[in-house]
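# Okay, predicted coordinates and the sequence, questions at the end:
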Amino acid sequence: MRRVIKQVNNSRHYLAENRPGWLLQFPDAGQSWEADLETTGLIDLLRSKGFVLLRGLKLDLAGFEAFTARFCDRFHAVGTRQPITSGEGDTFSSEVPKSNFSLFAHSEGTYRPFPPPPDVCFFNCVKTPDSNGGETMLVDGIEFLERIPPGLRERFDRGGIIYQACWDTARWQTEFAVSGTDELRSLMAEHPEIELRFIENAIEVRCKVPAIRQSMGGAPAFANGLLAHLPEIDHQRWNGLNAYSRPTNRVFFGDGEEISPGIINQLIDIQDEIAMNHQWAENDLLVLDNARVMHGRRLSETAGERVIRSRFGRIRRRYDQRQERYAG
């Protein structure tokens, strides 16, 4: 059964009883967040609740980027998207893909060890979907981890995940923040957990990274990119729902054994049991702890455009109270 995040009128209200998430409602259109939102207050909510929905703000691109810079000082380029280059943007903002498909829950940038994945995800709705569906799926990695059978959890904890992919030149340059093969080879020398081989104008890359991460609140969470990195999906519930997969992708346990379809389907079942689905309203701003709350998307009933800006950042050090960081 889907859990749906519903709008409430209170200025501060739990989105669901004893569930992750918090809503900050700004009752006046155009209300200034600079005066009414304390930075440390939002960070504290992310630590305790995992994600925060801000509703009632109206931000242009410059305002969206200014909001994110209040919390983060280093931003993450998404290898599969083109940056927004119009206006005064800093090129770290992008729009989520407009094509109509399902995407399983994942934490951003966790399929490679360097650069480190972002701490915080920001999503800002410019235009709602034209039809029913198109929700953003939110999955709490703390609850996910609790539902994984003990033996499987121990295996993920001990060995992590190996991701295998094939990337063209533009993709690996963006993913690894390098401009050429010499820089790439130097990076490989510093990170033995990355293996690659060149294939004409592309590389086949294998990256070993943790499956379990420490959330901003300090609790362990199953927060990774496994379910968004599958070569194929063979699950009865998802037949006909255009769930994303890519034949050149593969996923392995840390010891090199490929993760079986049976285990993949176990994980999909857990995702589906605990997923919350955010129905977008125009100007919604959703902020996620990337080390706890995984995000995905639902198929719309009919093809239609939705416009959602995104940014992914590393939290300013003065706000980070974790004793250990994902350092992969």
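Okay, I see it.

# so where do the helices sit in the stretch 101-250 of the chain?
Along the stretch 101-250 of the chain, the segments classed as helices by DSSP state H, counting those that start in this stretch run 141-147, 150-159, 169-176, 181-190.

# Identify the residues contacting the shortest one?
The contact list for helix 141-147 (CB atoms under 8 Å, 6 or more residues apart in numbering) reads 20, 50, 107, 153, 212-213, 215, 219-223, 270-271, 273-274, 291-294. Heads up, the C-betas are built off the backbone N, CA and C, glycines and all.

# Just the buried ones from these?
Among the contacts of helix 141-147, those classed as buried by 16 or more other CB atoms under 10 Å are 20, 50, 107, 153, 212-213, 215, 220-223, 270-271, 274, 291-294.

# Off-centre distance for stretch 214-225?
Between the centre of stretch 214-225 and the centre of its chain there are 12 Å (CA atoms, centre = their mean, to the nearest Å).

# now for the helix or strand harbouring Leu46, which elements pack on it?
Counting by DSSP states H and E, the element that carries Leu46 is helix 39-49. The contact analysis (3 or more CB pairs under 8 Å, 6 or more residues apart in numbering; DSSP states H and E) places helix 39-49 against strand 22-25, strand 51-55, strand 285-289.

# could you redo the last one with a cut-off of 7 Å?
strand 51-55, strand 285-289 (3 or more CB pairs under 7 Å, 6 or more residues apart in numbering; DSSP states H and E).

# Now the terminal residues of stretch 204-222, how far apart.
End-to-end distance for stretch 204-222, by CA to CA, to the nearest Å: 26 Å.

# list the contacts for Gly240?
Gly240 makes no contacts at all, as judged by CB atoms under 7 Å, 6 or more residues apart in numbering.

# Read off the pLDDT value for it.
Looking at Gly240, its pLDDT is 84.

# Which phi and psi values does it adopt?
For Gly240, the backbone dihedrals (degrees, to the nearest 10) come out as phi 80, psi 0.

# about what we covered before: pick the most deeply packed of the helices of the stretch 101-250 of the chain.
helix 141-147 (a mean of 19; mean count of other CB atoms under 10 Å).

# and that one, how far out from the chain's middle?
Worked out by CA atoms, centre = their mean, helix 141-147 lies 16 Å from the chain centre.

# Average pLDDT for that helix, rounded please.
Taken as a whole, helix 141-147 has a mean pLDDT of 98.

# when you give positions from now on, start the count at 34
That works, and once the first residue is 34, the last one we named lands at helix 174-180.

# how about the CA coordinates for it, as CSV?
Output of helix 174-180 as CSV, limited to C-alpha atoms (Å, rounded to 0.1, in the frame of the first residue of the first chain):
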residue,chain,number,x,y,z
GLY,A,174,17.0,3.7,4.6
ILE,A,175,16.9,3.1,8.4
GLU,A,176,13.6,1.2,8.2
PHE,A,177,14.9,-0.6,5.0
LEU,A,178,17.9,-1.8,6.9
GLU,A,179,15.8,-3.1,9.7
ARG,A,180,13.8,-5.2,7.3
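
# Surely Asn298 is in a helix?
Yes - per DSSP: H, G, I helix; E, B strand; the rest coil, Asn298 lies within a helix segment.

# Quick check on the nearest residue to it once chain neighbours are set aside: phi, psi?
Excluding its sequence neighbours, the residue lying closest to Asn298 (CB to CB, 6 or more residues apart in numbering) is His268, at 5.3 Å. His268 has phi and psi values of phi -140, psi 130 when expressed as degrees, to the nearest 10.

# Okay, now the unreliable bits of the stretch 84-233 of the chain?
112-116, 118-122 (pLDDT under 70).

# any chance you could map the strands in it?
84-88, 105-108, 127-128, 136-139, 153-160, 169-173, 194-201, 227-232 (DSSP state E, counting those that start in this stretch).

# And these: which comes nearest Gln312?
Comparing those against Gln312 with CB to CB, the closest turns out to be strand 169-173 (8.7 Å).

# Need the CA coordinates for the closest one. CSV is fine.
Extracted C-alpha coordinates of strand 169-173, given in CSV (Å, rounded to 0.1, in the frame of the first residue of the first chain):
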residue,chain,number,x,y,z
THR,A,169,8.6,11.1,-6.2
MET,A,170,9.1,7.9,-4.1
LEU,A,171,10.8,8.3,-0.7
VAL,A,172,12.3,5.3,1.1
ASP,A,173,13.7,5.5,4.6
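
# Any idea how far that strand is from the middle of the chain?
9 Å.

# try stretch 326-334
Distance of stretch 326-334 from the chain centroid (CA atoms, centre = their mean) equals 11 Å.
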